[in-house]
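Chemist: Predicted model follows, preceded by the sequence.
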Amino acid sequence: MKTSIDRASIATLDQYDPLRTKRNAFVLPDGVIYLDGNSLGPVPKAALRELRIAAEQEWGEDLIRSWNGAGWFDLPATLCAPDRRCAG
């Protein structure tokens, strides 16, 4: 049996793809289909929000208070908990 692959067929498949909404979670230029497997990949919008909070609020405004207030002091123990593998 031969399967037809044309733009209409692909658009129909895309309509029912359970991952179709995931693209909106990432920063990607219009028209880009990013398939590089040897990369960090496109940046998640949620990561940018967290970086912005860390840079502007925790570092920029809260300064040294963020060691305790933002939990920086506990990060090594949290990130390298016994059930997690750490580099270094």
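Modeler: Yep, it's here.

Chemist: low pLDDT regions in the chain?
Modeler: Across the chain, the ranges flagged by pLDDT under 70 are 1-3, 84, 87-88.

Chemist: residue nearest the centroid of it?
Modeler: Most central in the chain under Cα atoms, centre = their mean is Pro44, positioned 2.9 Å from the mean C-alpha point.

Chemist: Going along the chain, name the strands of the chain.
Modeler: Assigned by DSSP state E, the chain shows no strands.

Chemist: Helices along the chain, start to end?
Modeler: Counting by DSSP state H, the chain has helices at residues 7-15, 45-52, 66-69, 75-79.

Chemist: so the residue nearest to the centre of the chain sits right up against Leu28, yeah?
Modeler: No - using Cβ atoms under 8 Å, Pro44 is not in contact with Leu28, being 10.7 Å away. (Glycine included, C-beta is placed from N, CA and C.)

Chemist: I'd assumed Gly71 was in contact with Thr78.
Modeler: Yes - with contact defined as Cβ under 8 Å, Thr78 counts as touching Gly71 (7.5 Å).

Chemist: Please enumerate the shared neighbours of these two.
Modeler: Common neighbours of Thr78 and Gly71, using Cβ atoms under 8 Å, 6 or more residues apart in numbering, do not exist here.

Chemist: hang on, the earlier thing: which ones are touching the residue nearest to the centre of the chain?
Modeler: By Cβ under 8 Å, 6+ apart, the contact set of Pro44 is 25-27.

Chemist: Would you convert these into a markdown table that also reports distance to Glu50?
Modeler: Listed next are those as a markdown table, based on distance: Cβ to Cβ, whole Å:
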| residue | distance to Glu50 |
| --- | --- |
| Ala25 | 13 |
| Phe26 | 14 |
| Val27 | 14 |
